[in-house]
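Trainee: Fold the following and give me the result.
(2 chains)
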Amino acid sequence: MGRTLFDKLWDIHAITSLGDEEWLLSIDRIFLHERTGAVALKNMQKKGWAVRNPGQVFCTIDHIVDTFPGRGDETLMPNGKAFILATREAAQATGITLFDINDARQGIMHVISPEQGIALPGLTVVCPDSHSCTLGGIGALAWGIGSTEAEHAMVTQTLRVKKPRNMRVRFTGRLAVDVGAKDMALHLIKEYSVTGGQGFAVEFCGPAVAGLCIEARLTLCNMAVEFSAFTAIVAPDDKTLEYVKDRPYAPRGDNWSVATAHWNTLFSDPDAHFERELEIDCSAIQACVTWGTSPQHLVALGGRLPAPELELDPARRQNMLRAYEYMDLKPGDAVSDIKLDAAFIGSCTNARLSDLRLAAKILRDRKIAPWMKAVCVPGSTQTKLAAEAEGLDRVFKDAGFEWRESGCSMCLYAGGETFGPGKRVISSTNRNFEGRQGPGTRTHLASPATVAASACAGYIRSAADT
Amino acid sequence: MTGFKQHKGIAVPLLRNDIDTDAIIPSDEMKSVSRHGLAEGLFARWRYTRSTVRMQNSEFVLNSAKYTGASILMAGPNFGCGSSREHAVWALSEYGFRAILAPSFGSIFRRNCIFNGLVPVVLAANDIKTLAAAVEPDPQTNKLTIDLDSKEVLGPDGLVFGFSMSEIELEIMRKGLDPIELTLQLDDSITAFHLADRRLRPWVY
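Mentor: Numbering: from 1, shown residues only, chains lettered A, B, ... in the order given. This is a model prediction of the structure:
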């Protein structure tokens, strides 16, 4: 009987069975950030526990830190500075590697860990951050954990994990020109609901996934947590190896040969069994945007907002009604009539170089609508520097966008910055929950291309219309 | 954390789908680098009216006198989805909750519950509705009991619903065990595994 890619990675890391389907798994890399990392490191110190292998633990400052040019330790979030200082102090005391505010390697953890070659194919990578599943895009087995589990991983270099079931999602057919990985992820969630992946490790495959660049695969896997999956993964291929080669922390010399030989075995066997298999025809995927407060509240650009009466599940219908109230929208409204206040390009979902290039292509020689506030926050300092080397910063600034330092920024309210109550934002991020971008802020999730086109129009628009 | 075998308490219904951890503890309520001081921020966006001075929102169920002292939360499916922040569990525990009943949980949140002694009980949505209806006439009297030995939720009028949970997780919660200490008992296996793995995958270390 063949094994799935996930089964193979599980077996490689399984130290021992703990009974009841729970296993002790070896953890290869641990990544922390200043919001959930500092509290874990501090608690370990209090209990007298040491980091077992500091060389395998990395930390960045991304969540609370300001993204304004010339930033320091002070943050808009009251007491945010305390998190940064505590993280710096704990990192020094424990000997883990910290990418601090002025380090050229600083950035959002899920952007910098593949960028630096810290997350690699076949590794188990955990972070106290739910979007750790992003790293499945390079073939890593990565998932989000809490603070207690982060401590557990640091002290023991292991985690106790119940084995999830296998799901495969095959994307067939061709994507339309204005449709990208973000639309694929949102489409999957809409079709199978925000709980469709519950209890599963999901492998994405098929010609459309093979056709995606590595950065787009990271975007696709990023939203697996919004699908309630344990994690998602794409089997490493030649593109992956090309991406990984010569990254600062990637293996070199003899180690490179040993590693690539291993990576070439990382695929699902033809006779491997998946408990659930889904197939999505990419020609059915349209560029889309969320209208409500759940990622499954999705509508095609150019469409109209759905009628709650058509939702058969009463609890979901109730959620739709709440969402209409929070978002100040009505069923039947045309998406193209939704007037925006702001646009945001950033986050671990869509703020890599390829995303910024896509957005810049639309913004070139255009201006944002006069009433709009628009902000671009590159996913990492390296991304920012690379974009500047190509002159993309000028394109964003000339269009009227603010061009920021790297961090999570207004994807969430952790840094205390927000577009404000009642403001309607089109955003390249991953969560449109009530209050996610600040109290009362209304979020419409979309691809960076859609965000750029909408920023110019001041209304929700497709990049195909520009 | 302190474990328990049985807990009897007042149960409060919050039967919405997909209550995420941003709703349970908003970002700006995580005010210090600590596992404590979070109860005040629990459900802050819903519990308080949006004025500069914090006022209780009388329409929110946790503020209802009827459910004062609640220690069991009855929720909708996918409770605790979203952000991994363990602060959501710390806030619920500090507020006084000992168990959450829901048809399903966000997977990271669920694990966080286990390690903090907040019991995540999976029951069918209809069973939770039945319990909520039985509690509703007089929540202070019609209490629920969570029994970790029999793996049952006992309600008024002889209502009994069984739930399943692994023996390891039950043991952690009954005795308030520290998972790190449990795993350190396997230290020899871990060391041996890493020695062997270092030879197989030298590029990892």
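Trainee: just checking, A:Ile108 touches A:Gly379?
Mentor: Yes: in this structure A:Ile108 lies within contact range of A:Gly379 using C-beta atoms under 8 Å: 5.0 Å. (Each C-beta comes from the backbone N, C-alpha and C, glycine too.)
Trainee: tell me, what's touching those two both at once?
Mentor: Here A:Ile108 and A:Gly379 have A:Ser347, A:Cys348, A:Ala351, A:Ser406 as joint contacts, going by C-beta atoms under 8 Å, 6 or more residues apart in numbering or on different chains.
Trainee: residues in contact with the third one?
Mentor: In this structure, A:Ala351 makes contact with A:Ile108, A:Val111, A:Ile345, A:Cys376, A:Val377, A:Pro378, A:Gly379, A:Thr383, A:Ser428, A:Pro448, judged by C-beta under 8 Å, 6+ apart.
Trainee: How about the second one?
Mentor: Contacts of A:Cys348 were listed using C-beta under 8 Å, 6+ apart, and they are A:Ile108, A:Met109, A:His110, A:Val111, A:His131, A:Thr134, A:Asn222, A:Gly379, A:Cys408, A:Cys411, A:Asn430.
Trainee: Name the SS class of it, please.
Mentor: coil (DSSP: H, G, I helix; E, B strand; the rest coil).
Trainee: what's the spatially closest residue to it that is not a sequence neighbour in contact with, if anything?
Mentor: Among residues not flanking A:Cys348 along the chain, A:His110 sits closest, at 3.9 Å (C-beta to C-beta, 6 or more residues apart in numbering or on different chains). When the contact criterion is C-beta under 8 Å, 6+ apart, the partners of A:His110 are A:Cys127, A:Asp129, A:His131, A:Ser132, A:Thr134, A:Leu135, A:Leu218, A:Asn222, A:Cys348.
Trainee: can you rerun that using 7 Å?
Mentor: Counting by C-beta atoms under 7 Å, 6 or more residues apart in numbering or on different chains, A:His110 touches A:His131, A:Ser132, A:Thr134, A:Leu135, A:Asn222, A:Cys348.
Trainee: quick one: A:Thr4 from A:Arg168, how far?
Mentor: 8 Å (C-beta to C-beta, to the nearest Å).
Trainee: same thing with A:Ser354?
Mentor: 25 Å.
Trainee: quick one, which of the two is more surrounded?
Mentor: Applying other C-beta atoms under 10 Å in any protein chain shown to A:Ser354 and A:Arg168 shows that A:Arg168 carries more neighbours, namely 23 against 19.
Trainee: hang on, that one is in a strand, isn't it?
Mentor: Yes: A:Arg168 sits within a strand when classified using three-state DSSP.
Trainee: At the contact with chain B, which residues of the stretch 151-300 of chain A appear?
Mentor: Applying C-beta under 7 Å from any C-beta of the partner chain, one finds that the stretch 151-300 of chain A approaches chain B through A:151-152, A:155-158, A:160, A:194-195, A:198, A:228, A:230, A:251, A:255, A:258-259, A:262, A:294.
Trainee: Give me the buried subset of those.
Mentor: A:151-152, A:155-158, A:160, A:194-195, A:198, A:228, A:230, A:251, A:258-259, A:262, A:294 (16 or more other C-beta atoms under 10 Å in any protein chain shown).
Trainee: So which of the residues you listed are in strands?
Mentor: Of the positions in those, A:Thr158, A:Arg160 sit in strands, assigned by DSSP state E.
Trainee: continuing past the helix or strand harbouring A:Val202, what's the next helix or strand?
Mentor: A:Val202 belongs to strand A:200-205 when assigned by DSSP states H and E. Sequence order places helix A:207-210 as the next helix or strand after strand A:200-205, per DSSP H and E.
Trainee: just to revisit the earlier point, okay, and the common contacts of A:Thr4 and A:Arg168?
Mentor: In the contact map built from C-beta under 7 Å, 6+ apart, the residues linked to both A:Thr4 and A:Arg168 are A:Glu203, A:Phe274.
Trainee: For stretch B:79-92, measure first residue to last.
Mentor: Stretch B:79-92 has its terminal residues 12 Å apart, counting by C-alpha to C-alpha, to the nearest Å.
Trainee: Centre of the chain to it, how far?
Mentor: Relative to its chain's centre, stretch B:79-92 lies at 8 Å (C-alpha atoms, centre = their mean, to the nearest Å).
Trainee: That stretch close to chain A?
Mentor: Yes: using C-beta under 7 Å from any C-beta, stretch B:79-92 reaches chain A at B:Cys81, B:Gly82, B:Ser83, B:Ser84, B:Arg85, B:Glu86.
Trainee: contact partners of whichever strand in chain B runs longest?
Mentor: As assigned by DSSP E, the longest strand anywhere in chain B is strand B:6-14. For strand B:6-14, the surrounding residues in contact (C-beta under 7 Å, 6+ apart) are B:61-62, B:67, B:69-75, B:98-99, B:131-132, B:135, B:139-140, B:143-148.
Trainee: Return the members of those classed as buried.
Mentor: The neighbour-count test (16+ other C-beta under 10 Å) applied to the contacts of strand B:6-14 identifies B:61-62, B:67, B:70-75, B:98-99, B:131-132, B:135, B:139, B:143-148 as buried.
Trainee: if you look at the helix or strand bottoming out on mean pLDDT in chain A, does any of it touch chain B?
Mentor: Lowest on mean pLDDT, DSSP states H and E among the helices and strands of chain A sits helix A:37-47, with a mean of 91. Yes: applying C-beta under 7 Å from any C-beta, one finds helix A:37-47 touching chain B at A:Ala38, A:Val39, A:Lys42, A:Asn43.
Trainee: what packs against that helix?
Mentor: Counting by 3 or more C-beta pairs under 7 Å, 6 or more residues apart in numbering or on different chains; DSSP states H and E, the packing neighbours recorded for helix A:37-47 are helix A:80-94, helix A:147-156.
Trainee: returning to what we had before: can you pick out the most distant pair from the contacts of A:Cys348?
Mentor: Greatest spatial distance among the contacts of A:Cys348 (C-beta to C-beta): A:Met109 and A:Asn430, at 13.9 Å.
Trainee: Of these two, give the one with the bigger neighbour count.
Mentor: Higher neighbour count among A:Met109 and A:Asn430: A:Met109, with 31 against 28, using other C-beta under 10 Å.
Trainee: which ones among the contacts of strand B:6-14 are found in helices?
Mentor: The helices, defined by DSSP state H, take in B:Leu131, B:Ala132, B:Val135 from the contacts of strand B:6-14.
Trainee: which among the residues you listed are in contact with chain A?
Mentor: Among these, no residue sits close to chain A (C-beta under 7 Å from any C-beta).
Trainee: B:Asp187: which of those residues is nearest?
Mentor: B:Leu131 (43.2 Å).
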